[in-house]
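In: Sequence first, then the predicted structure, then my questions.
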Amino acid sequence: MSSFDDEDRCQKWLDNREKIENAFPGSVADLPACPCLYPNTIFYDNQIWDKKQQKKYRWRDVSHDKDRLAIYKPGAAYCVQTLASQQSESAIVQHCCYDENRKLLTRGSGAGTPYIVSPEISPLLHDKIDLLPWRLCKGDFTRYNEVRIPNNDNDCEINPDDEEYQHQVESAKDY
């Protein structure tokens, strides 16, 4: 057994993550808002206008890996993510997830969170910077999402409802 348990590793990440994240160019504040509804047209028109940033962003569907979705975003039926911009050096991308009714998950275990390193830029760095912390926190989204906050800049309806959210919170502690 190591000198500190997994709980401490999550806290250690929480305490030090800013230093790590600041090493990468870009800011979460520069990302577009998650659409309130899954963009059904994404497969033939991947550009979506963002009111806050006043420009179009390119998105892609990332729902195809259902096994990975079930592990990292339990409760999500669909996810989309921005494509890294060629005009920017930023590696940060927005990641948004939706329920089976195609409504944005604004909180809970299935909610998407920004990625500091796009998996398209570097799958290895994405795993170390974005996914490893989730594993260190043992899948407890309540801790991970304190600092990787699901986006709801479009003021979408809160989803899931309070009862389901409380159930997810309790389940997260028993991961």
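Out: That came through, no problem. Numbers count the residues shown, from 1 in each chain.

In: The spatially closest residue to residue 122 that is not a sequence neighbour and residue 28: what is the separation?
Out: Once flanking residues are discounted, residue 122 sits nearest to residue 91: 7.6 Å by C-beta to C-beta, 6 or more residues apart in numbering. C-beta coordinates here come from the backbone N, C-alpha and C atoms, glycine included. Residue 91 sits at a distance of 12 Å from residue 28 (criterion: C-beta to C-beta, to the nearest Å).

In: more crowded one of these two?
Out: A direct count of neighbours by other C-beta atoms under 10 Å for residue 91 and residue 28 places residue 91 higher, at 19 against 16.

In: How about the contacts made by that one?
Out: If you count contacts by C-beta atoms under 8 Å, 6 or more residues apart in numbering, residue 91 has them with 24-26, 84, 116-118, 121-122, 125.

In: In ChimeraX, how would I select the buried members of these?
Out: In ChimeraX, this line selects whichever of the contacts of residue 91 come out buried by 16 or more other C-beta atoms under 10 Å:
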select :24,26,84,116,117,118
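
In: so can I have JSON lines of the contacts of residue 91 showing distance to residue 71, pLDDT and secondary structure?
Out: Formatted as JSON lines, the contacts of residue 91 follow (distance: C-beta to C-beta, whole Å; pLDDT from 0 to 100; DSSP: H, G, I helix; E, B strand; the rest coil):
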{"residue": "24", "distance to residue 71": "24", "pLDDT": "88", "secondary structure": "coil"}
{"residue": "25", "distance to residue 71": "29", "pLDDT": "86", "secondary structure": "coil"}
{"residue": "26", "distance to residue 71": "26", "pLDDT": "86", "secondary structure": "coil"}
{"residue": "84", "distance to residue 71": "23", "pLDDT": "85", "secondary structure": "coil"}
{"residue": "116", "distance to residue 71": "19", "pLDDT": "95", "secondary structure": "coil"}
{"residue": "117", "distance to residue 71": "19", "pLDDT": "94", "secondary structure": "coil"}
{"residue": "118", "distance to residue 71": "19", "pLDDT": "93", "secondary structure": "coil"}
{"residue": "121", "distance to residue 71": "22", "pLDDT": "92", "secondary structure": "coil"}
{"residue": "122", "distance to residue 71": "20", "pLDDT": "93", "secondary structure": "coil"}
{"residue": "125", "distance to residue 71": "19", "pLDDT": "94", "secondary structure": "helix"}
